[in-house]
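Colleague: Pasting the sequence and the predicted coordinates here, then a few questions.
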Amino acid sequence: MDGLSLRLKDGRSILYQDAQGITRFMDPSVSLPGRSAGLIDREAFLELLQRDGLVAIWTVAGEKNAYGDTNSDGFGGRFTFTRLFYSDGNELCALDRLGEYHEPSAQQLAAFLGTATQEQRATDRVNNITELSDKFDDPDF
């Protein structure tokens, strides 16, 4: 906010204005339905980056998981990803997406696919409870 000489408009909204009273940064979710997001005046932001010799960097990360209907219905795996974006003048550039797949155990996959036996499901529940109990016994947990 200092680099753009912005000040908070008032104490009720997330609107930052310049000396001329023009809103240059805002979070519309404060007064409108929707997710929180920081929106900045593009030209003012790009001018700041160029003037101060800066580069903007964004990290986008996420994951996709496959679970059964309940905790005892197994796990089908997890895919996690991260991608970096950066500014280069007026352009937005992206690096390659980094992804990793986390495979389920044979028991988790069998339960997820509905091929696990009642005995396997019972054993998995006991193992999960034992693992959780061991964690609570760990003083560093």
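Modeller: That came through fine. Numbers count the residues shown, from 1 in each chain.
Colleague: Please name the residues that touch the closest residue in space to residue 30 that isn't next to it in sequence.
Modeller: Counting by Cβ to Cβ, 6 or more residues apart in numbering, residue 14 is the residue found nearest to residue 30 once chain neighbours are left out, at 4.8 Å. C-beta here means a position set from N, CA and C on the backbone, and glycine is covered the same way. Contacts for residue 14 (Cβ atoms under 8 Å, 6 or more residues apart in numbering) come out as 8, 26, 27, 30.
Colleague: Mind listing the residues bridging to the first one?
Modeller: It refers to residue 8. residue 16 (DSSP bridges).
Colleague: Next, the buried residues of the lengthiest strand in the chain.
Modeller: Secondary structure of the chain per DSSP state E: the longest strand is strand 75-88. Using 16 or more other Cβ atoms under 10 Å as the test for burial, strand 75-88 gives 75, 76, 87.
Colleague: The first one and residue 107 touch, don't they?
Modeller: No: at 9.3 Å, residue 75 does not count as touching residue 107 under the criterion of Cβ atoms under 8 Å.
Colleague: hang on, the earlier thing: got CSV for the contacts of residue 14, with distance to residue 46, pLDDT and secondary structure too?
Modeller: Listed next are these as CSV, based on distance: Cβ to Cβ, whole Å; pLDDT from 0 to 100; DSSP: H, G, I helix; E, B strand; the rest coil:
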residue, distance to residue 46, pLDDT, secondary structure
8, 23, 90, strand
26, 17, 92, strand
27, 20, 90, coil
30, 25, 84, helix
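Colleague: Which one (most neighbours) among those?
Modeller: When neighbours are counted by other Cβ atoms under 10 Å, residue 26 leads the contacts of residue 14 with 19 neighbours.
Colleague: can you pull the pLDDT of the nearest residue to it once chain neighbours are set aside?
Modeller: Distances taken as Cβ to Cβ, 6+ apart place residue 15 nearest to residue 26, at 4.9 Å, with adjacent residues excluded. For residue 15, the model assigns a pLDDT of 91.
Colleague: tell me the contacts of residue 38?
Modeller: When contacts are counted by Cβ under 8 Å, 6+ apart, residue 38 touches 25, 26, 27.
Colleague: pLDDT wise, what is it at?
Modeller: For residue 38, pLDDT reads 90.
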